[in-house]
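Student: Please find the sequence and the predicted model below.
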Protein chains: 2
Amino acid sequence: MVLRVQKYGGTSVGDASRIRNVASRIAKAREGGDQITVVVSAMGSTTNDLIALAGQVTADPAPREMDLLLSTGELVSCTLLAMALRKLNVPSVSLGGGQAGIRTNAAHGQASIIGVDPQRMHRELDQGRVVIVAGFQGITEEMDVTTLGRGGSDTTAVALAIALKADGCEVYTDVDGIFTADPRVVPDARKLDEIGYEEMLELASRGAKMHPRSIELGARYKVPITVASSLHDGPGTLIHEVTTGMEVSNKVRGVTYEMGVSRITVRGVPDRPGIAAVLFESLTDALISVDTIVQNASAERLTDVSFTVDRADSPNALALAREVAVQIGAAEVASDEHLGNVSIVGTGMENVPGYASRMFKTLYDEGINIEMITTSQIRITCIVDEAKVHDAVRALHQTFELDQA
Amino acid sequence: MVLRVQKYGGTSVGDASRIRNVASRIAKAREGGDQITVVVSAMGSTTNDLIALAGQVTADPAPREMDLLLSTGELVSCTLLAMALRKLNVPSVSLGGGQAGIRTNAAHGQASIIGVDPQRMHRELDQGRVVIVAGFQGITEEMDVTTLGRGGSDTTAVALAIALKADGCEVYTDVDGIFTADPRVVPDARKLDEIGYEEMLELASRGAKMHPRSIELGARYKVPITVASSLHDGPGTLIHEVTTGMEVSNKVRGVTYEMGVSRITVRGVPDRPGIAAVLFESLTDALISVDTIVQNASAERLTDVSFTVDRADSPNALALAREVAVQIGAAEVASDEHLGNVSIVGTGMENVPGYASRMFKTLYDEGINIEMITTSQIRITCIVDEAKVHDAVRALHQTFELDQA
């Protein structure tokens, strides 16, 4: 008996007709006799609508209440999908995160899954039902509803695949798979048939179509994850352990980018141990995720620290940085709100010199100034003017010949 | 320590500003040091919107899925109210029906409360929090979410008052209390300061501002229930055990009415035992609530059976009646879609002759034809042309001098 976990994102269940479409796909997948568990996100803009509603009541909603509020979005889509399946004479049952046995810690708004008790799901599956689980949510020991944070439905899907010992996890979305670059930006971007967990993790961290946590989880438990379109058939992209040949000539697998990056610079920071810790601890306490950090070489025991955050977090981050600047006696705080980033990703890049210089030269030839640089083992990222990001992606896609298989 | 249970209906929490208004009222009520538990309905038209959404997916949603879907409406309003309270620095916590310990049977869509485990609520109250509970819902032994049926939030409120051993239950709504008649129809209708459970039950059954189940429950456990306005202050109407004087000259307490009544008549029914049972069993199985039933005296072993249903149920009831008519060999089925009813309610009426005849004469004087009559111990109801209902209410209010205390 094959046990499959499928996940459908918010666009795929955006309205009643799309929900019916997803139900047809599930019904078809079930014809072969497979047991199917489905994870759904909230319909379209529901989560944002609920956040806006809370914003009309208070500027500072309690995370516990916010979680119970937001959890309703996925309950709506999962019950509707179960109804649509029954209409196709497919037995089905919808389960909230708690009902599905998803236990989390009590970190409201960004809870971690502690464990999944699959008993109820197995019982329903064994009775021949398709199990529809509300993504993005779980329940604490206290029976309080939690959410896993944005994109958490992917994490739910992978966690269920692990708990159910499923044969794989299929993530259906509004694109055909993982591409060498965003096809809206690079018309000759190529869909990848497969990609390794590590590379996918870097792509996911930089805007590709999955939540990085879910990739990490999949990598740890070696769950094969397929990303494919919910709108038409096609093999999609398989994310799994890739064993490449000993020498691969083109090690860049994809170009990815993000818009909406803000940089905050604290100038004239006294160059003493522990100073950076004060700054970044206060940002962590405020749940602001910091991306790139650059510290310039010190001159006269003063240094400049720059970091980037999502633009949505920029006002808070700026306010905190100003507070900390006063505490630590820094000279000034500046921000630059119109940045983006562009990255090349590929395993093995670190062993082969020249990728970084080819990237920098490509940007130089395009007249694009590099504001900051950051690298990992398998990624090189440049922060650039937001208006130049698309040009940068296209140029890098060409330089590294990603249109060719 | 006074323990109060308050309930706010859908109109009272219809938008963010009304939710903030309700929060202010609760904050004020709490100033005296009382422990407060609040039950809320879904915001405004939410429940109907969710029903419509399900209708877009399937004409025949499974009751279990429907319940999980509809339960989200109250979760939204209760979390928003908790947020609004916290904004006023009032500690609060929102609880879904299951979290609040409301256990029901598995009769989805119309579940009965089996019991309420108040532990969690007491724990939260003892920590100084206002407890906000999602009305209208509970949870089965299987951890499946159920709903109590329309108006179930009133029942939730009374059940919580019983379980918490509260001093009373306050139901806040968009009217100032229970009136001798609908003030929109009868301008000189008078607010009642108090009313007995039995009388209120009859009024509630006929369109007054509370769900009859909640009144029954309150009567059984002798919970004093206050119905008052959520928009402005005022004592409202106290529903409790009323001990009236030995002789009360005017025993009619109120005139009430309903629009949207349909009558279905099965003509030429063979007058044999068990025939009526077949008809009404099939309606019960379809969850269609039948109100008045009239069977005419038989002629030549044939009889006519008429019954009334809510207009929304009329198409289904008509279809079922036609099926049954074929089975039992009845001659024909007819329906009349434009009826309403008008009732006079008051304890002691049955012991004093003349109320019925005064009612019938009043309607006759107004030129209103009586289609059907039904009575209880404390109520007389006439089914009349829907277009004449308001005239009937006004005339009866005057006849029984209800404008005078």
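Tutor: Arrived safely.
Student: what's the span of stretch A:27-42, first residue to last?
Tutor: Between the opening and closing residues of stretch A:27-42 lies a distance of 21 Å (C-alpha to C-alpha, to the nearest Å).
Student: Any part of it near chain B?
Tutor: No - against chain B, stretch A:27-42 shows no contacts by C-beta under 8 Å from any C-beta of the partner chain, the least distance being 10.5 Å. For every residue, glycine as well, the C-beta is placed using N, CA and C.
Student: Show the contacting residues for the closest residue to chain B within the stretch 251-400 of chain A.
Tutor: Per C-beta to the nearest C-beta, A:Leu287 is where the stretch 251-400 of chain A lies closest to chain B, at 17.6 Å. Contact partners of A:Leu287, counting by C-beta atoms under 8 Å, 6 or more residues apart in numbering or on different chains, are A:109-110.
Student: same check, this time on A:Glu323
Tutor: Residues near A:Glu323 by C-beta under 8 Å, 6+ apart: A:Ser282.
Student: Give me the secondary structure label for it.
Tutor: Judged by DSSP: H, G, I helix; E, B strand; the rest coil, the three-state class of A:Glu323 is helix.
Student: next one: A:Gly32
Tutor: Using three-state DSSP, the structure places A:Gly32 in coil.
Student: Skip the chain neighbours and tell me the closest residue to it.
Tutor: A:Val2 (7.7 Å; C-beta to C-beta, 6 or more residues apart in numbering or on different chains).
Student: if I've got this straight, the residue of the stretch 251-400 of chain A closest to chain B is in a helix?
Tutor: No - A:Leu287 is assigned coil when assessed by three-state DSSP, not a helix.
Student: Might one say that the residue nearest to A:Gly32 is in contact with A:Gln35?
Tutor: Yes - taking contacts as C-beta atoms under 8 Å, A:Val2 lies within contact range of A:Gln35: 7.1 Å.
Student: quick one: low-confidence parts of the stretch 201-350 of chain A?
Tutor: Under the criterion pLDDT under 70, the flagged ranges of the stretch 201-350 of chain A are A:205-208, A:243-250, A:297-299, A:348, A:350.
Student: what does the stretch 51-200 of chain A give?
Tutor: Checking the stretch 51-200 of chain A against pLDDT under 70 turns up A:150-151.
Student: which residue ranges form the helices in it?
Tutor: Assigned by DSSP state H, counting those that start in this stretch, the helices in the stretch 51-200 of chain A fall at A:63-87, A:119-126, A:152-163, A:197-205.
Student: Reformat those into TSV and put mean neighbour count and distance to B:Leu396 next to each item.
Tutor: Output for these, formatted as TSV (neighbours: other C-beta atoms under 10 Å in any protein chain shown; distance: least, C-beta to C-beta, whole Å):
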stretch	mean neighbour count	distance to B:Leu396
helix A:63-87	27	45
helix A:119-126	17	55
helix A:152-163	28	58
helix A:197-205	25	71
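Student: right, so of those helices, which gets closest to chain B?
Tutor: helix A:63-87 (3.7 Å).
Student: Run the chain-centre distance for the closest one.
Tutor: From the chain centre to the centre of helix A:63-87 is a distance of 21 Å (C-alpha atoms, centre = their mean, to the nearest Å).
Student: returning to what we had before: A:Val2 and A:Gln35: which is more packed in?
Tutor: Comparing A:Val2 with A:Gln35 by other C-beta atoms under 10 Å in any protein chain shown, the one with more neighbours is A:Gln35, at 22 against 11.
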